[in-house]
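>>> what's the 3D shape of this:
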Amino acid sequence: MDLIDRIEALFLRRGRATYESEAPQAVPVLAHALQCAQLAEWAHADHELVAASLLHDLGQLIDAEAQAPLRIESHETAALPLLAQGFGPGVLEPIRLHVQAKRFLVSTEAGYEAGLSLSSRLSLEHQGGRMNAEERLLFLAQPYAREALQLRRWDDLARQPGKRTPPLAYYLDLLSDLMREMRTPPRLAIA
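Numbering: from 1, shown residues only. Predicted structure coming up:
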């Protein structure tokens, strides 16, 4: 089974699950992922950031039982070994940093925390809580911190029940194209 097939299987097996602290009308994880990727596309993000937007919560689905509530702990790193089989830092790093981006935004923007979903607010303390000044500087100094902040904003907005999006197959094609681009060596310009 190739990487795209494994990603599809995870979404199909667990994509209807919601976060354990969300209300019954909450957006399922697959719908959330599709909405997040759509927001990235609408913002004209590059394909790597669209892919990261689609895959940012895939760690919630790794090794989860079919009927169990989704886990929150360390989900930002759980899928990285799998995703590293086909994607580079432009996809992996915004995913890895999106929880830190939440901590940064809670620390720097008045009212940001109040706008988070219930599950995001409940997980915040487990994830380290607000960042202090040194942590904020260290976060901003990391490559892909800005992309992670943008991904985090789409993550927060991608929670509309019943919102229409392109199907999963559309984004799986985007992932396949991106993997193919990454395997193709750049052409040398002939002067």
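>>> low-scoring stretches of the chain, by residue?
Low-confidence segments of the chain (pLDDT under 70): 1, 19-25, 63-73, 185-191.
>>> again, only using 50
For the chain, the stretches flagged by pLDDT under 50 are 65-69.
>>> scan this structure for its longest helix.
The longest helix of the chain (DSSP state H) is helix 89-108.
>>> buried stuff in it?
90-107 (16 or more other CB atoms under 10 Å). In this view, the C-beta of every residue, glycine as well, is placed from N, C-alpha and C.
>>> ok, H44 - how many residues close by?
Using other CB atoms under 10 Å, the number of residues around H44 comes to 8.
>>> how about it, phi and psi?
Per-residue torsions, H44: phi 60, psi 40 (degrees, to the nearest 10).
>>> and the longest helix of the chain, C-alpha only, in PDB?
Provided in PDB are the C-alpha atoms of helix 89-108 (Å, rounded to 0.1, in the frame of the first residue of the first chain):
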ATOM      1  CA  PRO A  89       9.700  20.100   5.400                       C
ATOM      2  CA  GLY A  90       7.200  22.400   3.600                       C
ATOM      3  CA  VAL A  91       4.500  19.900   4.600                       C
ATOM      4  CA  LEU A  92       5.900  18.400   7.700                       C
ATOM      5  CA  GLU A  93       7.000  21.500   9.600                       C
ATOM      6  CA  PRO A  94       3.800  23.500   9.600                       C
ATOM      7  CA  ILE A  95       2.100  20.300  10.900                       C
ATOM      8  CA  ARG A  96       4.700  19.900  13.600                       C
ATOM      9  CA  LEU A  97       4.400  23.500  14.600                       C
ATOM     10  CA  HIS A  98       0.600  24.100  14.500                       C
ATOM     11  CA  VAL A  99       0.100  23.400  18.200                       C
ATOM     12  CA  GLN A 100       3.000  25.800  19.000                       C
ATOM     13  CA  ALA A 101       1.300  28.300  16.800                       C
ATOM     14  CA  LYS A 102      -1.900  28.000  18.900                       C
ATOM     15  CA  ARG A 103       0.200  28.600  22.100                       C
ATOM     16  CA  PHE A 104       1.800  31.600  20.400                       C
ATOM     17  CA  LEU A 105      -1.500  33.100  19.300                       C
ATOM     18  CA  VAL A 106      -3.100  32.600  22.700                       C
ATOM     19  CA  SER A 107      -0.100  34.500  24.200                       C
ATOM     20  CA  THR A 108      -0.100  37.400  21.700                       C
END
